[in-house]
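**Student:** this one's structure only:
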């Protein structure tokens, strides 16, 4: 990598790091996992910077890398054996959630991985059906059906939550 390429990479990452962290958080709903995910993707991006920077839409390309890395992480065998417990071994403090996204983030947890990826890419990242399908490697019809099912689930859960609180 030339110094010019390295400077371009640094400028790109500096300008988009926070956005990538938020997208990763919306996908996995864990700030620590989001940081790991972004780090992994940025390392891959660094390694392939020369070819990646030639992409028609570099932001979409990197969001696709981020989403695919998250989905790959969910497929790992050790992930299926991991179990949450009510009691944590060490005392910790959760990273603060952005105030306006906390409730939505909790609602997103009720979706499956693919539905969550579709919702985040379509409605948070504001990608088209075609762009989302291309990034996830699925058909446009699948994007539409996953979006519809996810929104139906979100509406149902949100309505039940509001009724339960009132």
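**Tutor:** Ah, there it is. Predicted, not measured: the structure shown is a model, and the values here were computed from it.
**Student:** helices and strands of the chain: which one bottoms out on pLDDT?
**Tutor:** helix 77-81 (a mean of 55; mean pLDDT, DSSP states H and E).
**Student:** Give me the distance between residue 60 and residue 14.
**Tutor:** Noted for residue 60: a distance of 19 Å to residue 14, by C-beta to C-beta, to the nearest Å. Backbone N, C-alpha and C define where each C-beta goes, glycine included.
**Student:** Those two: who's more crowded?
**Tutor:** Set side by side, residue 60 and residue 14 show more neighbours around residue 60, with 18 against 9, by other C-beta atoms under 10 Å.
**Student:** Which of the helices or strands spans the closest residue to that one other than its chain neighbours?
**Tutor:** Excluding its sequence neighbours, the residue lying closest to residue 60 (C-beta to C-beta, 6 or more residues apart in numbering) is residue 131, at 5.9 Å. Assigned by DSSP states H and E, residue 131 falls within helix 129-136.
**Student:** could you point out where the protein is predicted with low confidence?
**Tutor:** The chain contains residues with pLDDT under 70 at 77-103, 161-166.
**Student:** which other residues reach the one helix or strand residue 62 maps to?
**Tutor:** Take DSSP H and E as the rule and residue 62 turns out to sit in helix 58-75. Outside helix 58-75, the residues within contact range by C-beta atoms under 8 Å, 6 or more residues apart in numbering are 12, 16, 20, 23-24, 27-28, 37-38, 40-41, 44-45, 52, 55, 79, 113-114, 117, 120-121, 125, 127, 131, 134-137.
**Student:** relative to helix 129-136, how tilted is that helix?
**Tutor:** 50 degrees (axes from the mean of the first three to the mean of the last three C-alpha atoms, to 10 degrees).
**Student:** How many neighbouring residues does residue 65 have?
**Tutor:** Neighbour count for residue 65, taken as other C-beta under 10 Å: 20.
**Student:** how far away is it from residue 54?
**Tutor:** Distance from residue 65 to residue 54, by C-beta to C-beta: 15 Å.
**Student:** Now do the buried residues in the next helix or strand after the least confident helix or strand of the chain.
**Tutor:** Using DSSP H and E, the next helix or strand after helix 77-81 towards the C-terminus is helix 102-108. Within helix 102-108, the residues that count as buried by 16 or more other C-beta atoms under 10 Å are 104, 107, 108.
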